[in-house]
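Undergrad: all I have is the shape, not the residue letters:
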């Protein structure tokens with residue numbers, strides 16, 4: 001079945017939009033929303049972290065530099081055009097957005113919530129390959145893999161996403177140099193992440209990889225808390241172990257030791273990093289020139 005003919009799980013797709021340049025031009029010329037029209041389905045800028053407590057500064061444990069989320073790299077006109085090419089769908093917590101091996105090619109731009117990207121494994125358990133949050137793009141590789149999904153994407157809590165068929169998404173990239181450049185930047189960053197993961201798994205032990213993972217999660221998804229930086233994404237120890245490429249026993253043992261040592265806390269949030277320098281030392285990043293920016 002062609003992706004354009006598919007019915008979304010939630011909500012109805014918008015009517016077919018005009019050509020890409022004309023869609024943006026019409027919206028800019030109008031200068032206002034027509035009476036009765038639906039509001040824009042997604043904000044201009046999407047933040048990956050949750051809101052900080054009242055009075056707390058909006059900052060991350062370490063600065064990662066420019067935005068790496070696809071949506072935040074687009075201009076306002078590009079976002080408007082992309083919105084007109086797709087429709088917004090809502091997904092419940094624990095819902096599967098797409099399944100590895102299925103023949104669909106829709107592209108999802110996450111506007112709210114989190115998802116985990118899984119690969120099939122034995123005993124019906126999936127290996128957690130990555131996490132994606134607000135502004136990230138998922139499902140973009142299916143059309144490049146003979147039209148089949150290369151991974152399963154499952155929501156972590158409620159999720160809202162802008163859904164665009166691959167044909168329209170490709171037309172969008174071909175028609176906009178800025179969007180094409182943003183897409184290539186995101187893909188480059190992901191390949192660099194894969195390369196760093198491979199390097200880490202050959203050079204570091206499980207405990208070091210776990211410490212590095214916590215630093216990276218805090219840098220990208222952390223929220224300022226009273227005693228440090230909270231990682232509020234609800235992940236099980238088994239999922240954390242999968243992301244770090246280690247065993248659940250190692251995760252349990254390391255978290256217990258770091259909690260007793262004052263490096264982390266697990267009282268009010270799943271994990272709060274209380275001593276980032278100490279955790280960087282545990283990750284072997286205090287003297288590692290190849291450590292990712294998130295851990296420096």
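TA: Cool, the structure landed. None of these values were measured; they are calculated from a predicted model. Residues are numbered from 1 along each chain as shown.
Undergrad: ok, now which ones touch the residue positioned nearest the centre of the chain?
TA: Geometric centre of the chain, nearest residue: residue 132, 1.8 Å, by Cα atoms, centre = their mean. Remark: with contacts taken as Cβ atoms under 8 Å, 6 or more residues apart in numbering, residue 132 is in contact with 110, 114-117, 138, 153. Bear in mind the C-beta positions are built from the backbone N, C-alpha and C, glycine included.
Undergrad: could you dump these to JSON lines with distance to residue 243 and secondary structure?
TA: Below are the contacts of residue 132 laid out as JSON lines (distance: Cβ to Cβ, whole Å; DSSP: H, G, I helix; E, B strand; the rest coil):
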{"residue": "110", "distance to residue 243": "18", "secondary structure": "strand"}
{"residue": "114", "distance to residue 243": "13", "secondary structure": "strand"}
{"residue": "115", "distance to residue 243": "13", "secondary structure": "strand"}
{"residue": "116", "distance to residue 243": "9", "secondary structure": "strand"}
{"residue": "117", "distance to residue 243": "10", "secondary structure": "strand"}
{"residue": "138", "distance to residue 243": "16", "secondary structure": "strand"}
{"residue": "153", "distance to residue 243": "15", "secondary structure": "strand"}
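Undergrad: could you export these as JSON lines, including neighbour count?
TA: Below are those laid out as JSON lines (neighbours: other Cβ atoms under 10 Å):
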{"residue": "110", "neighbour count": "28"}
{"residue": "114", "neighbour count": "22"}
{"residue": "115", "neighbour count": "27"}
{"residue": "116", "neighbour count": "21"}
{"residue": "117", "neighbour count": "22"}
{"residue": "138", "neighbour count": "20"}
{"residue": "153", "neighbour count": "25"}
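Undergrad: buried residues of the longest helix anywhere in the chain, list them for me.
TA: Assignment by DSSP state H gives helix 177-203 as the longest helix of the chain. Using 16 or more other Cβ atoms under 10 Å as the test for burial, helix 177-203 gives 179, 182-183, 186, 197, 200.
Undergrad: next secondary structure after it?
TA: Next along the chain after helix 177-203, taking DSSP states H and E as the criterion, comes helix 206-221.
Undergrad: quick one: strands adjacent to the following helix or strand past that following helix?
TA: Using DSSP H and E, the helix or strand that follows helix 206-221 in sequence is strand 223-225. Sheet pairing here is set by DSSP bridges, and for strand 223-225 it gives strand 228-231 (antiparallel).
Undergrad: hey, where'd the strands end up in the chain?
TA: In the chain, the segments counted as strands under DSSP state E are 87-91, 96-98, 107-120, 126-132, 137-138, 152-164, 223-225, 228-231, 264-265, 271-273.
Undergrad: okay if I get these as a markdown table plus distance to residue 209 and mean pLDDT?
TA: Below are the strands of the chain laid out as a markdown table (distance: least, Cβ to Cβ, whole Å; pLDDT from 0 to 100):
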| stretch | distance to residue 209 | mean pLDDT |
| --- | --- | --- |
| strand 87-91 | 30 | 97 |
| strand 96-98 | 27 | 94 |
| strand 107-120 | 18 | 93 |
| strand 126-132 | 13 | 89 |
| strand 137-138 | 24 | 95 |
| strand 152-164 | 21 | 95 |
| strand 223-225 | 23 | 89 |
| strand 228-231 | 16 | 92 |
| strand 264-265 | 16 | 94 |
| strand 271-273 | 15 | 93 |
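Undergrad: now tabulate these in JSON lines and tack on distance to residue 255.
TA: Listed next are the strands of the chain as JSON lines, based on distance: least, Cβ to Cβ, whole Å:
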{"stretch": "strand 87-91", "distance to residue 255": "30"}
{"stretch": "strand 96-98", "distance to residue 255": "28"}
{"stretch": "strand 107-120", "distance to residue 255": "19"}
{"stretch": "strand 126-132", "distance to residue 255": "17"}
{"stretch": "strand 137-138", "distance to residue 255": "28"}
{"stretch": "strand 152-164", "distance to residue 255": "19"}
{"stretch": "strand 223-225", "distance to residue 255": "17"}
{"stretch": "strand 228-231", "distance to residue 255": "12"}
{"stretch": "strand 264-265", "distance to residue 255": "7"}
{"stretch": "strand 271-273", "distance to residue 255": "8"}
